[in-house]
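**Q** Pasting the sequence and the predicted model now:
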Amino acid sequence: MTQLELTITDRAIIVSLLPQRGGKIKMLVAKSIMDLIEFSLSEIQQFEMKDSGDGLITWNPAKSQAFQFDFYQDQIDLIKECLADADKREAITREMLPLITKLETVKN
């Protein structure tokens, strides 16, 4: 397993990148990532998270913090695949760059 420190931004980006459809195994891996990093009700309240109405979420940056998560290699590989796909589509944003840098340090 690989431990990664993820910010609220990182978690939101990963959730938005995960595939909505695919083969059974890919979707099971995507679901396992969602189950691992999705925001709990207590986190939503603690960080004052809100839907901004345009598909994005906002939160109180003064309350923001990072979290440690343990990922299996299949999960890391799927996240990297999703980021590579976004790169091919030229859909990488500045907000994604810290997450990309973190994942580049993870060995396969």
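**A** Yep, that arrived.
**Q** contacts, neighbours, all on C-alpha from now
**A** Noted.
**Q** For residue 77, give its distance to residue 8.
**A** Distance of residue 77 to residue 8, given as C-alpha to C-alpha, to the nearest Å: 20 Å.
**Q** Give the residue from the two that has the larger number of neighbours.
**A** In terms of neighbours (other C-alpha atoms under 10 Å), residue 8 is the more surrounded of residue 77 and residue 8; the figures are 20 against 16.
**Q** In this protein, what helix or strand scores lowest on average pLDDT?
**A** Ranked by mean pLDDT, DSSP states H and E, the weakest helix or strand in the chain is strand 57-58, scoring a mean of 90.
**Q** elements contacting it?
**A** strand 50-51 (3 or more C-alpha pairs under 8 Å, 6 or more residues apart in numbering; DSSP states H and E).
**Q** strands paired with the strand it packs on, and their directions?
**A** As defined by DSSP bridges, the strand partners of strand 50-51 come to strand 57-58 (antiparallel).
**Q** after the partner strand, next one along is what?
**A** strand 67-71 (DSSP states H and E).
**Q** What residues sit buried inside that next one?
**A** residue 71 (16 or more other C-alpha atoms under 10 Å).
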